[in-house]
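> okay, here's the prediction I keep looking at, along with the sequence it came from:
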Amino acid sequence: MLVDYIWYFFIYAVLGWCTEVIFAAVNTGKFVNRGFLNGPLCPMYGVGVAVIVFCLSPLEDNVWLTFLAAVVLTSGLEWITGFVLEKLFHQRWWDYSGLPFNIGGYICLKFSLAWGLACLLILKVIHPGIAALVHHIPFMLSCILLPIFGALLICDLVFTVISVRSLNVHLEQLSKVTSMIRAASDDIGGKMSEQTIKLMHRQSELMEHLRGGEKRLMAAFPQMQSTRYADLMEKLREKHFHLSEKKQQSKESHS
């Protein structure tokens, strides 16, 4: 049974990633890797569906009870995930504060009800086929593939954490340089000095240059907010997307 649930985790993590990518493509008209990780996995979907299948399968004959339990379980998982990620990385990956009946911006009634309906669809329509597929995977093949998938997942997670911390360091450096520019300008009565010019040049560099992992995270989560440097995060996002649009326009004009 443990092997089955590990397969469920990976399968639904991939399906969840596909869902997020399709949703983003419909809304933006372009491919965006909407996952927290670099690879085609959304772990929250994998964990969420595995928990739902384990906890609610005995209740699936009672549709209303299954729906209500799914709303509670998925809302709890989303709230815990959002809260933990914010406390660990000082970033808010999604924010429902603008929607009615939200709790701390982590969850809201609209999406909680949507998750409940999605869980009914999974339990009644999708999971029986997935379970049959997993049941036919030879145990020895599982023993070979699952450790490989697990190792790749850990590597991806480590790289993503490094990228998130790099983005936080980037924002911290930008904040320090901005503060130094203000202090230097105040000291010289608003006149430019060589030191001020160097600081402004450094500020411009920090605004324009992001590492690959940092760019991907900002593109994947366009509403991501920094709990420490909210204003700078917004300016960095605007600058990043402005540069991306200019590059895209330049490519189109040369093609």
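That came through fine. Numbering: from 1, shown residues only.
> alpha carbons only for contacts and neighbour counts from here, please
Fine.
> what segments of the stretch 1-150 of the chain are helices?
Assigned by DSSP state H, counting those that start in this stretch, the helices in the stretch 1-150 of the chain fall at 2-28, 43-56, 63-89, 109-121, 127-135, 139-187.
> tabulate these (JSON lines), appending distance to residue 231 and mean pLDDT.
Formatted as JSON lines, these follow (distance: least, CA to CA, whole Å; pLDDT from 0 to 100):
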{"stretch": "helix 2-28", "distance to residue 231": "24", "mean pLDDT": "89"}
{"stretch": "helix 43-56", "distance to residue 231": "28", "mean pLDDT": "92"}
{"stretch": "helix 63-89", "distance to residue 231": "17", "mean pLDDT": "91"}
{"stretch": "helix 109-121", "distance to residue 231": "27", "mean pLDDT": "93"}
{"stretch": "helix 127-135", "distance to residue 231": "44", "mean pLDDT": "94"}
{"stretch": "helix 139-187", "distance to residue 231": "10", "mean pLDDT": "84"}
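> and those: which comes nearest residue 98?
Within the helices of the stretch 1-150 of the chain, the stretch nearest residue 98 is helix 109-121; the backing value is 11.7 Å (CA to CA).
> contacts for the closest one next, please.
Contacts to helix 109-121, defined as CA atoms under 8 Å, 6 or more residues apart in numbering, come from residues 49, 52, 63, 66-72, 74-75, 100-102.
> that older thread, tell me which of the helices of the stretch 1-150 of the chain sits most buried.
Among the helices of the stretch 1-150 of the chain, the stretch with the highest mean neighbour count (mean count of other CA atoms under 10 Å) is helix 43-56, at a mean of 20.
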